[in-house]
Every structure is written in structure tokens, then in C-alpha cells.
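Show me the folded form of this:
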Amino acid sequence: MNVIEQLQISKYNGEIWPVHPNRSDIGGITCFADTQSLPGVPDAAFIGVNRELTIEIIGELSSIDAGGAICFASGYREANKEHQIKNSGYLDLQDQLVSAAGNMPMLGPNCYGYLNYLDNVTLWPDQHGGHQVDKGVAIIAQSSNVAINMTMQQRGLSVAALCTVGNQACVGLNELAEHFIADHRISTLGLFIEGFSDIPAFEAMALKARLAGKSIVVLKLGKSEKSQHATLSHTATLAGGAAASSALLRRLGIVEVNSVSEFIETLKILDVIGPLTGSKISSISCSGGEASLMADAAHNSTLEFPDLNTKQCKKLTSVLGNKVTISNPLDYHTYVWGDVPSMTACFVAVMEGGFDLNIFVLDIPRPDKCETQGHQCAIDAIIAAQKQTHAKVAVITSLPENIDEAKTDEFHRHGVVVLHGLESGLKPIEAAVAAGKFLKIPQPDPVWLQTHKPIGNLSSLTESKAKRLLSKFGLAVPQTKEITNKGGIEEFAKTLAYPLVLKSLGLAHKSEFGAVVLNIDSDISLRAAIEKVPVSPEGYLLEEMVDEMLVEIIIGVSRDTSGMLLLTMGAGGILTELLNDSSSLVMPVTRSDVKHALSKTKINQILQGYRGAAAANINSIVDAVMSVQKYVEANKDSIVEIDINPLIVRERDAVAVDALVRQYN
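Residues are numbered from 1 along each chain as shown. Take a look at the predicted model:
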């Protein structure tokens, strides 16, 4: 059996009790015919039989108070085709499994198991690439194949433990994460996940990690998925399927990355040198080309290259001479190459500048075809300078393969982290900066989740009704009249002041159908507008036009498939999809949350007063958002979607001139 073989390979020194009804031994170890024949109670069991027999064995193990079990079998609730067959008998297999387990912890079903490289416990049915370590990161994955691939990395990541969770029928991701958070040997937690099965438990776990000073890095699948609800509004189009999960992770102070490479490299930084306190970096290399590559790679990032101070410049000139231009990034040429004391002095001078991270661009020749001893001087000088200054130091290669595992491990043993590949190496550095900030954030309020199944019919409120209801909660709206037919429009116009706007109701995107006429400034232009707008059985809207606009923005709320309510803000009007400029938050939000989210949008420059233009009243935008939130809070279980587009932002105020509300009533 593969599990026994892996335990033997990892040099597990405890007892192994194979169970097989027909074999006398497995891998040279005597077999027991059944669980009743075991010489004692197992601390953990790996069950590798079919799904029906698994239930029986789980029950037997639970009855003797076994410490826990891993359920390898599949074909439970993850088997969608069978799950869709009514009365198939397979629908309740997972429930039977959970019932049989009772109080016994169980991983799975549909789960590869557990790799504990701290204690050499490898309950795992396949090859893996890890080895015993004293400390490191823990990884929890919802994909066994990807988990196997991660153990095969040759980038120097110290994996202390790796767990797959499968269907999470008994023990879930959150419980495992809390276990690893409590283990002093685990520095950082990495999660490769598809979704959140229990958001309140996930929130509680994230808080425990932050209180323990441990960062969490998440690589989440499903970024290409769109929301499952109908995209009647701009909000739903902007939000998509990944926006809510990303907003939740930011809210909880969890670092999100976008690739397996980023995942590994970020975990490596956090494990070897810890979170970064800021984004000020130095770059040191012996080539002008490498210095330029580093500067260009960081151009569109949040990383900064502050100038070296006068004291540093004097020290560097005394070491390198007058032929070297002293700058950051620094090209120290090869004048001191091979002279370890001079190289160390050069590196110390830079590291004393108080940078948040000092980065050395260094590629080592491939050892199978070249000699590498000529580069040992750089390795020795970097390590010596780090020991002297205690600065945070990273080595980054131009290409991922240009440093082998042995050299990587040498750096890591001395507290210098190695990043594999310049193009992908800077994003993990930004992630480590984010991790430093996230550890300091205050605990947010619990997210709003749908607590009751909606009752009634799903309907879209008319624009005028939506505005009327939202205005009761403080949203500013223009003077409006709703009219059932065209014949009554001119009469109602007498109660309003020009300029006016005329709209045909019943269309989600009115401007695309010519259903909106603006700038009606007289009785004559009003009659022309009445002729122009499409006939609508749902009626018409006549309202006073909001002028002196600085910018149009969108405020939207959408219900994510997880039950969370997502607030989306960004460029509004006809620019919504064109600019795709938005920022999303999970509700509830604070005023400071809203201001920070707005500051991240492209239109923030206009809001702040672009090129001498008047600045917007930011507080009025925040007031509008908070009034929408009050309405949502009063209707949490029935709201599906709110779309205010546009909110006309002016120098003195912000007024909602269009609104869509979809909810159950």
C-alpha cells in the first residue's frame, strides 16, 4: 500500500498497523484482518477502500475511539452527476459517513491526506517532494493534485505541513488552520481554496492568526467566474464572481495572490524574513543591465527606490572609487568582485540606509556545465553584510532556474530569502508589504450574511419608487414626478423648474435606448422630448436636472452566491464598463472604508480636483454610500441588487439621478 511505503520512506518511527482481509503483510509489516484485530487504538488511520465500505470502517474506528481518520474514497457530494439523480442512494452517503464518524475527527472524503514534515507523519497515498524540517509554513489545499505539485517545488520553501481537505464533511479548513496557527513551529499559513464553506468560522480563524502575529496567504480559484445572479445592472457586471471573495480577504487582513509561483514565493518571504514594514527597497547588482531590469520591473508596482543618503554615498565612493555612479538601484560594477571584505563593506553601506528590503540581483551559473565557485564571493559577502546589519535581505534571480536548491538553502539558513525570477519576484515582495500592513488592521465587524431564505416574489422597483425609498434613508435625489402617460407630462412640468430630464420607465439601461432626454430648458423642448422618448406602458419620469457635475460615479450592492453583500463603487454613467474602474467592499462598511476604496479608483484624481479643477465633496459621496447601507441593513435578507448609476457628484453635494432596486417582497 502506497501510504505504508511513504511512511517508511519518511522514516516514521511509530508503529504501523496495516489492515487487509486477505494479505499476510504489506511492505514487510504484518497485516491485521480487520479493525477488531488491532493491538490497540490507532492515533490516526488512512482508509483506502470503496465509498460504501469506508462508511463501515469509519464507524468501527469511531466505536473504539480512534484518534482520527483520512477518507480517501470519492463519489460523495463532489460527484455532481450522481448528486443530481433523485433517489440514487448516493445522495446521502456523505451524511452516512458523518454519522458513522460521530465525534471522531475525519479528513475528507475525496482527500489525499496529511503530510507532517515536522514529525515525519506522512499519511499520503502518493509520491511527494518534502522532507523533515524543524519549522516552516503550513499549506491547506482543496486540490490534492496541486498539493502534490507544491511539495515538488525546488525553490527552498520550508513546508512544515500540508493538508488536503476534500469535501470537508467533518473537519474543515478553518479547524485545520486554527491548529496550525497554534503550533509555534508554523510561521505562516498558505491556503489554496475554491470557496468559503463557513464565513463566520473563517472570520474567527483570521482573527486568531492576526492575534498570533501569523500571516495567511491565499490562492483562490474561480476568478473567471461571474456572479450567478442576473446581470441586469452595471453593478452585477462589475462585481463578477471573484470580487466578493477578494474583498472578504482584504477585510480580514489576508494576503491574496494570483498564481502558484506567487503563492510559493510569498510564503517563502514570510517564512524566512517575515512581513515587510514598508515598500522602500534598495537594489544592488554588478551590472547596469540588471539595475535597469530591476527599475523597469518595479515601475508599475508600489515599490519605491529612495535615493541613498550622503553618508552612504561617501562610504560607497570610498569602497568603489569615482568611476561608479552611486544610485539606487546600484550597479557596483565588478571592480571589487572577488574581494569579499570590500564587497561586504559595499553591501553594508547600502543596508545601513534603513530600507524595508535590500535586494541583490544575482544569478549563479548552472552547476552541471559551469563552475560556480567564482560566485561564492557574492554569497559570502551578502550573508556577512546581513549578519552585520541585521537588515532584511533578498536575493532575486533574473530567471527562476538560475540558482539551485543547494545555494537557495545556504542563503535561507542565514536569513536571506531567495526569490526565483525577476518578473514574478516583485509581486511577492508587494504581498509581503501587504502582510505587514494587514497584521495591524483593527478587527472588522462580522460580514452581513443572508440569515433567512427570502420569501415572496423577486421584483424590480420602479426608478421613482427606488429613489423614494432610498431617500427615506438619507440618499439625496432630485425633485421627481412619475407620470402614467405622455398626455400628463406637460401639466406636471408646471410644478418643476427647468432644466428638466424626461425618462421612459421599464428599461434597465435607458440611455442605450434613447429613453432619456436631458437639458429640457423650455416648454418647446419639453414637447420635442415627449415626442422623442419611447412609449412605455410603465410610465414616465420627469425630474429637475442636476447640473454643475464634476463626475458621475456608481454605487452598487449585489448579493454574492456566498450570501455576502458586496458594495461596489467606481466610475459611473456611460464610463462604467468602458473604464472598468471600481473598488469593492464586503458590507457592512465604515466611512473610512469608503474613503479608502474611493482613493484606489482612477476617478479619484477628478474627485480630488484634477489640474486645478474644483474638488468634489467626498463626504457627500460617503453620505450617499452610508444611506444606501442603512437601507440594505433594514432589508438584509430580501435585497438582491441595488444600482445607483449615476450618482452626480458636485462641488457641494452628490445626488442620485437613477436607481434600480431588486428585492423580494
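
and the nearest residue to residue 77 once chain neighbours are set aside, which of the three is it?
Excluding the flanking residues, the one nearest residue 77 by C-beta to C-beta, 6 or more residues apart in numbering is residue 94, at 4.8 Å. Quick note: C-beta positions are derived from backbone N, CA and C, even for glycine. At residue 94 the chain is in helix, as set by DSSP: H, G, I helix; E, B strand; the rest coil.

What's the end-to-end length of stretch 654-663?
25 Å (C-alpha to C-alpha, to the nearest Å).

what do you get for stretch 471-484?
One end of stretch 471-484 to the other measures 22 Å (C-alpha to C-alpha).

try stretch 407-423
When the termini of stretch 407-423 are compared using C-alpha to C-alpha, they are 20 Å apart.

Please tell me how far it is from the chain's geometric centre.
25 Å (C-alpha atoms, centre = their mean, to the nearest Å).

Is there a neighbour count for the residue nearest to residue 77? I'd like the number.
24 (other C-beta atoms under 10 Å).

who's in contact with it?
Residue 94 sits next to 76, 77, 109, 167, 169 when contact means C-beta atoms under 8 Å, 6 or more residues apart in numbering.

give me every residue that touches the fourth one.
For residue 167, the set of contacting residues under the criterion of C-beta under 8 Å, 6+ apart consists of 76, 77, 78, 94, 108, 109, 110, 111.

Just give me the least confident of these.
Lowest pLDDT within the contacts of residue 167 is found at residue 78 (75).

Nearest residue to it in space, please, no chain neighbours.
Nearest one to residue 78, counting by C-beta to C-beta, 6+ apart, is residue 110 at 5.2 Å.

For the stretch 551-665 of the chain, just list every one of the strands.
Assigned by DSSP state E, counting those that start in this stretch, the stretch 551-665 of the chain shows strands spanning 551-559, 565-571, 582-586, 639-649, 654-656, 659-664.

Tell me how far the residue lying closest to residue 597 once chain neighbours are set aside lies from residue 251.
Leaving aside its chain neighbours, residue 597 sits nearest to residue 583 (4.0 Å; criterion: C-beta to C-beta, 6+ apart). According to C-beta to C-beta, to the nearest Å, residue 583 stands 13 Å off from residue 251.

How about the contacts made by residue 583?
568, 569, 570, 597, 598, 600, 601.

so the fifth one touches residue 618, yeah?
Yes. The pair formed by residue 598 and residue 618 meets the contact definition of C-beta atoms under 8 Å, at 7.0 Å.

Distance of the residue nearest to residue 597 relative to residue 475?
With C-beta to C-beta as the criterion, residue 583 and residue 475 are 20 Å apart.

and what of residue 503?
18 Å.

what's the answer for residue 164, then?
To residue 475, residue 164 is 48 Å away according to C-beta to C-beta.

Then residue 209?
Residue 209 sits 38 Å away from residue 475, going by C-beta to C-beta.

Of those two, give the one with the bigger neighbour count.
The residue with more neighbours, out of residue 209 and residue 475, is residue 475; 26 against 22, by other C-beta under 10 Å.

Work out for me the element the more buried one sits within.
Following DSSP states H and E, one finds residue 475 outside all helices and strands.

so what's it closest to, chain neighbours aside?
Nearest one to residue 475, counting by C-beta to C-beta, 6+ apart, is residue 627 at 4.3 Å.

thinking that neighbour is in contact with residue 469, fair?
No. Counting by C-beta under 8 Å, residue 469 is not a contact partner of residue 627; they are 10.9 Å apart.

wait, what's in contact with the residue nearest to residue 475?
So residue 627 contacts 470, 473, 474, 475 (C-beta under 8 Å, 6+ apart).

which one of the residues you listed sits closest to residue 530?
Relative to residue 530, the closest of the contacts of residue 627 is residue 470; by C-beta to C-beta it sits at 27.3 Å.

How much space separates the closest one from residue 626?
Taking C-beta to C-beta, one finds residue 470 at 12 Å from residue 626.

burial count for residue 52?
For residue 52, the count of nearby residues is 13 (other C-beta under 10 Å).

taking the mean pLDDT, what do you get for the strand or helix carrying it?
Residue 52 belongs to helix 51-63 when assigned by DSSP H and E. Averaging pLDDT along helix 51-63 yields 95.

still on that earlier bit, list only buried entries from the contacts of residue 167.
Neighbour counting with 16 or more other C-beta atoms under 10 Å marks 76, 77, 94, 108, 109, 110, 111 as buried within the contacts of residue 167.

Which ones among those map onto helices?
residue 94 (DSSP state H).

quick one on the thing from earlier: would you indicate which residues of the helix holding residue 52 are buried?
For helix 51-63, the neighbour count (16+ other C-beta under 10 Å) marks 51, 54, 55, 57, 58, 59, 60, 61, 62 as buried.

So for residue 468, what's the pLDDT?
pLDDT, residue 468: 94.

Tally up the residues packed near it, please.
16.

tell me the SS of it?
From three-state DSSP, the assignment for residue 468 is helix.

so how far is stretch 639-658 from its chain's centroid?
In terms of C-alpha atoms, centre = their mean, the centre of stretch 639-658 is set 28 Å apart from its chain centre.

likewise stretch 521-539?
Distance, centroid of stretch 521-539 to centroid of chain: 48 Å (C-alpha atoms, centre = their mean).

now it: mean pLDDT?
Mean predicted confidence for stretch 521-539 is 92.

lowest confidence element among the helices and strands of the chain?
Lowest on mean pLDDT, DSSP states H and E among the helices and strands of the chain sits helix 234-239, with a mean of 47.

Which elements pack onto the next helix or strand after that one?
Sequence order places helix 243-251 as the next helix or strand after helix 234-239, per DSSP H and E. With contacts taken as 3 or more C-beta pairs under 8 Å, 6 or more residues apart in numbering; DSSP states H and E, helix 243-251 sits against strand 216-220, strand 255-257, strand 565-571, strand 582-586.

in what helix or strand does residue 203 lie?
helix 199-211.

Please spell out which residues along that helix are buried.
With burial defined by 16+ other C-beta under 10 Å, the residues of helix 199-211 counted as buried are 199, 201, 202, 203, 205, 206, 209, 210.

Please convert the residues you listed to JSON lines, extending it with pLDDT and distance to residue 458.
Shown next, in JSON lines, are the buried residues of helix 199-211 (pLDDT from 0 to 100; distance: C-beta to C-beta, whole Å):
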{"residue": "199", "pLDDT": "94", "distance to residue 458": "23"}
{"residue": "201", "pLDDT": "95", "distance to residue 458": "30"}
{"residue": "202", "pLDDT": "96", "distance to residue 458": "28"}
{"residue": "203", "pLDDT": "96", "distance to residue 458": "29"}
{"residue": "205", "pLDDT": "97", "distance to residue 458": "34"}
{"residue": "206", "pLDDT": "96", "distance to residue 458": "33"}
{"residue": "209", "pLDDT": "97", "distance to residue 458": "38"}
{"residue": "210", "pLDDT": "95", "distance to residue 458": "38"}
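
for those, which one is nearest residue 372?
The closest of those, once distances to residue 372 are taken by C-beta to C-beta, is residue 209, at 39.4 Å.
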